[in-house]
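**Q** sequence first, predicted model second:
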Amino acid sequence: MPDTPMTWPIALLYACLRVFGFLPLRLVHALGGGLGHIAWALHGRSRRLAERNLALVLTHNGADSRQAIAKKTVIETGRSLAEVLSMWGGGPQRALRHVVEVHGRDLFEAALASGRGLIIAAPHLGCWELLNYWLAAQRPLAILYRAPRQRALEPLLRRVRGVPGVEQIRADGSGVRALYRRLSAGGMVGILPDQQPRGGEGVQAPLFGVPAPTMVLLPRLAERTGATVLFAFMQRLPRGAGFRLHILPAPVGIADPDLERACTALNRGVEQCVALAFEQYQWTYKRWPGEARAAPAEASPAP
């Protein structure tokens, strides 16, 4: 779709992002951490959601332990927000300098060499915008996105994500068909596997021992195209030292025709990623319905 021009307030916001993009990463993380501390102290929505989600997941932990972990996750959420703004403002070339380690490159290269198409499942973990930059620097990438509720922001998001090698596809019927075509031709697509599906579009599958509405799009794409599925995320390193890219194989069964089995495998892949950087997961996201209850026998242990 053709880009629409930004309104002047959004253009001003973009100019601010450009300035912010030239700050050192260590300072960006310090500012974001400060924002997280403020969010925690204000007892706002992010804190309430983190506390609620972790109470569902960490059933074997005491209240004090869960509270300490929840505080760390809110602080990491602040860092995540700050670094995303920095990446958008500074652009891919500057951002990619911060990728200091890559684990699982052999899996990625083998998947590309197979010519079967590649689906990158990128959970809300670490810095997923930097992951998009890295992937697009290796091979053209299509990403699925939902239009923001504030429509005036869409031109800004398309501008900051519209880097060379990235095709942005709206999450609608024509967009899904475009993903099928790209994968069938051996291309690469990126999908957030833990995105809350719209009403009636998902199935219930366990996530950290708690039933969660889970998307069916990724398993269906994998089954119908034969594409390889890999999980990936950018782990934030301490004190502004950069990022470590993790690329992991998908659990067995992610392309199973039985959607409940496939979605269970999908969520298991998310869990395996989160286990490597537990506090950097977006625990402030409303992932479970209000009446969700953990299954004690499957509840996650303390990270």
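**A** Happy to help now that I have it.
**Q** residue ranges of the strands in the stretch 201-303 of the chain, please?
**A** Under the criterion DSSP state E, counting those that start in this stretch, the stretch 201-303 of the chain contains strands at 202-207, 210-215, 228-236, 243-249.
**Q** what's the second one in contact with?
**A** Spelled out, that is strand 210-215. 56-57, 191, 193, 195-197, 201-207, 263, 266-267, 287-289, 292-295 (CB atoms under 8 Å, 6 or more residues apart in numbering). Every residue, glycine included, has its C-beta placed from N, CA and C.
**Q** that strand pairs with which strands?
**A** strand 202-207 (antiparallel) (DSSP bridges).
**Q** okay, buried residues for the partner strand please.
**A** Gly202, Val203, Ala205, Pro206, Leu207 (16 or more other CB atoms under 10 Å).
**Q** check the residues you listed and tell me the two furthest apart.
**A** Taking CB to CB, the two most distant members of the buried residues of strand 202-207 are Gly202 and Pro206; they sit 13.2 Å apart.
**Q** I figured Glu129 hits Met87, correct?
**A** Yes. Glu129 lies in contact with Met87 (CB atoms under 8 Å); the separation is 5.0 Å.
**Q** between these two, which one's more packed in?
**A** When neighbours are counted by other CB atoms under 10 Å, Glu129 and Met87 differ, and Met87 comes out ahead with 26 against 21.
**Q** helices of the protein, start to end?
**A** 8-20, 25-41, 45-57, 63-90, 92-96, 105-114, 128-138, 154-161, 173-184, 217-225, 259-274 (DSSP state H).
**Q** and these, which one's lowest on average pLDDT?
**A** Among those, helix 154-161 has the lowest mean pLDDT, at a mean of 70.
**Q** what's the spacing between Ala178 and Gly187?
**A** Remark: distance between Ala178 and Gly187 (CB to CB, to the nearest Å) = 10 Å.
**Q** need the overlap of contacts for these two.
**A** Ala142.
**Q** re earlier: buried only: go through the contacts of strand 210-215 for me.
**A** Buried among those (16+ other CB under 10 Å): 56-57, 191, 193, 195-196, 202-203, 205-207, 263, 266-267, 287-288, 292, 294.
**Q** is it true that Pro219 touches Asp256?
**A** Yes. Using CB under 8 Å, Pro219 is in contact with Asp256, at 7.1 Å.
**Q** the two: which is more packed in?
**A** Between Pro219 and Asp256, Pro219 has the larger neighbour count (other CB under 10 Å), namely 30 against 16.
**Q** pull the contacting residues for the closest residue to the more buried one other than its chain neighbours.
**A** Distances taken as CB to CB, 6 or more residues apart in numbering place Ala262 nearest to Pro219, at 3.5 Å, with adjacent residues excluded. Neighbouring residues of Ala262 by CB under 8 Å, 6+ apart: Val216, Pro219, Ala222, Glu223, Gly253, Ile254, Ala255, Asp256.
**Q** what about the residue lying closest to the fifth one once chain neighbours are set aside, distance to Gln196?
**A** Distances taken as CB to CB, 6+ apart put Ala265 closest to Gly253, at 3.9 Å, once the chain neighbours are dropped. The gap separating Ala265 from Gln196 is 19 Å, by CB to CB.
**Q** could you report the pLDDT at the residue most central in space within the chain?
**A** Nearest residue to the geometric centre of the chain (CA atoms, centre = their mean): His124, 2.8 Å. Note on His124: pLDDT of 95.
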